[in-house]
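Engineer: What shape does this take:
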Amino acid sequence: MTQAQRIVQQMMAKDLFSQWMGIEVVHVEPGICNLRMTVKDDMLNGFSIAHGGLAYSLADSALAFASNAHGAKCVSIETSISHVKPVVEGDVLTTQVEEKSLTKRTGLYFITVLNQNNEAVAFFKGSVHRSEKNWE
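Structural biologist: Coordinates of the predicted model:
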């Protein structure tokens, strides 16, 4: 098991929200994290589409795992999302993470949330603060 995998495993063990969402870690390495989850009926809003917080939370978890996988403990300092396609019950969502910038103190990430047809449903941008504390 790589250092990145060990870190994400530690994070997931305490991340009850990501566990509730049914998030599966498909691939992780420093700066990259591919996640997968299936949209359930209790994740829908009054329009019978996924609550906007769902894609946001999936992307936010991918941000956390990708940035922390470098070894430094990171927390988000700014995030935003654009929803571009509705998500419905049964959709299988995945994340693709691009690390755009990494310095001693900050990281910048672009995350695309895709459905099972490889169609983008949301675009997420996140910045993290990299602390001096390390995972291992």
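
Engineer: how about the helices in the chain?
Structural biologist: Taking DSSP state H to define them, one finds helices in the chain at 3-14, 16-21, 52-68.

Engineer: Pull out the buried positions in the shortest one.
Structural biologist: Neighbour counts using 16 or more other C-beta atoms under 10 Å place 18, 21 of helix 16-21 among the buried residues. Backbone N, C-alpha and C define where each C-beta goes, glycine included.

Engineer: Just the residues contacting it, thanks.
Structural biologist: Outside helix 16-21, the residues that touch it by C-beta atoms under 8 Å, 6 or more residues apart in numbering are 12, 37, 43, 54, 57-58, 61.

Engineer: Next, the contact list for the most centrally placed residue in the chain, please.
Structural biologist: What sits nearest the mean C-alpha location of the chain, by C-alpha atoms, centre = their mean, is residue 62, with 2.0 Å. With contact taken as C-beta under 8 Å, 6+ apart, residue 62 is in contact with 33-35, 95, 97, 111.

Engineer: Run through the strands of the chain in chain order.
Structural biologist: For the chain, applying DSSP state E gives strands covering 24-29, 32-38, 72-83, 92-102, 106-114, 120-134.

Engineer: The shortest one pairs with which strands?
Structural biologist: So the one you mean is strand 24-29. Within its sheet, strand 24-29 is paired with strand 32-38 (antiparallel), according to DSSP bridges.
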